[in-house]
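Novice: quick one, fold the following:
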Amino acid sequence: MTLVEPRATSTTGDVESRWESAHRDVARRLALRFERVDVELIEAIVARHFEGYADARITLYVPVLVERAATEELRRSAPASERMSRP
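Specialist: Just a heads-up that it's a prediction; the model follows:
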């Protein structure tokens, strides 16, 4: 596993190619936890958080950091009645 990677070029404009699989995995897990939230919204939130790490040189923990940040954003934005998400 590589801690430092050369900068990848974006193939979709939304998520760098090296993180496409991680993006799908994170979005899938969050969609299962936040069933009442639109999947497209979850994918957009996850993509935005991945974009924040576009220039990161140490990338090992980027998917974990993205998942945590997206989870917190979804929890904050959900109405109180929908805040009960599965772990």
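Novice: got any ranges where the chain has weak pLDDT?
Specialist: 1-18, 79-87 (pLDDT under 70).
Novice: now the helices for it?
Specialist: In the chain, the segments counted as helices under DSSP state H are 20-33, 39-51, 62-77.
Novice: most tightly surrounded among these?
Specialist: Per-stretch averages of neighbours, counted by mean count of other Cβ atoms under 10 Å, single out helix 39-51 among the helices of the chain, with a mean of 18. The way it works is simple: take the backbone N, C-alpha and C, and place the C-beta from them, glycine included.
Novice: which elements pack onto that helix?
Specialist: If you count contacts as 3 or more Cβ pairs under 8 Å, 6 or more residues apart in numbering; DSSP states H and E, helix 39-51 packs onto helix 20-33, helix 62-77.
Novice: need these in a markdown table (columns: distance to Phe50).
Specialist: A markdown table is the format used below for these (distance: least, Cβ to Cβ, whole Å):
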| stretch | distance to Phe50 |
| --- | --- |
| helix 20-33 | 6 |
| helix 62-77 | 5 |
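Novice: which one of these lies closest to Asp55?
Specialist: helix 62-77 (11.2 Å; Cβ to Cβ).
Novice: by how many degrees do the closest one and helix 20-33 diverge?
Specialist: Helix 62-77 and helix 20-33 are oriented at 30 degrees to each other (axes from the mean of the first three to the mean of the last three Cα atoms, to 10 degrees).
Novice: what packs against helix 62-77?
Specialist: Secondary elements touching helix 62-77 (3+ Cβ pairs under 8 Å, 6+ apart): helix 20-33, helix 39-51.
Novice: could I get that helix in CSV with only the CA atoms?
Specialist: Provided in CSV are the C-alpha atoms of helix 62-77 (Å, rounded to 0.1, in the frame of the first residue of the first chain):
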residue,chain,number,x,y,z
VAL,A,62,-8.4,9.8,2.6
PRO,A,63,-11.4,7.4,2.3
VAL,A,64,-11.7,7.2,6.1
LEU,A,65,-11.5,11.0,6.5
VAL,A,66,-14.0,11.5,3.7
GLU,A,67,-16.5,9.0,5.2
ARG,A,68,-16.2,10.6,8.6
ALA,A,69,-16.7,14.1,7.2
ALA,A,70,-19.6,13.0,5.0
THR,A,71,-21.3,11.2,7.9
GLU,A,72,-21.1,14.3,10.1
GLU,A,73,-22.5,16.4,7.4
LEU,A,74,-25.4,14.0,6.8
ARG,A,75,-26.1,13.8,10.6
ARG,A,76,-26.1,17.6,10.9
SER,A,77,-28.4,18.1,7.9
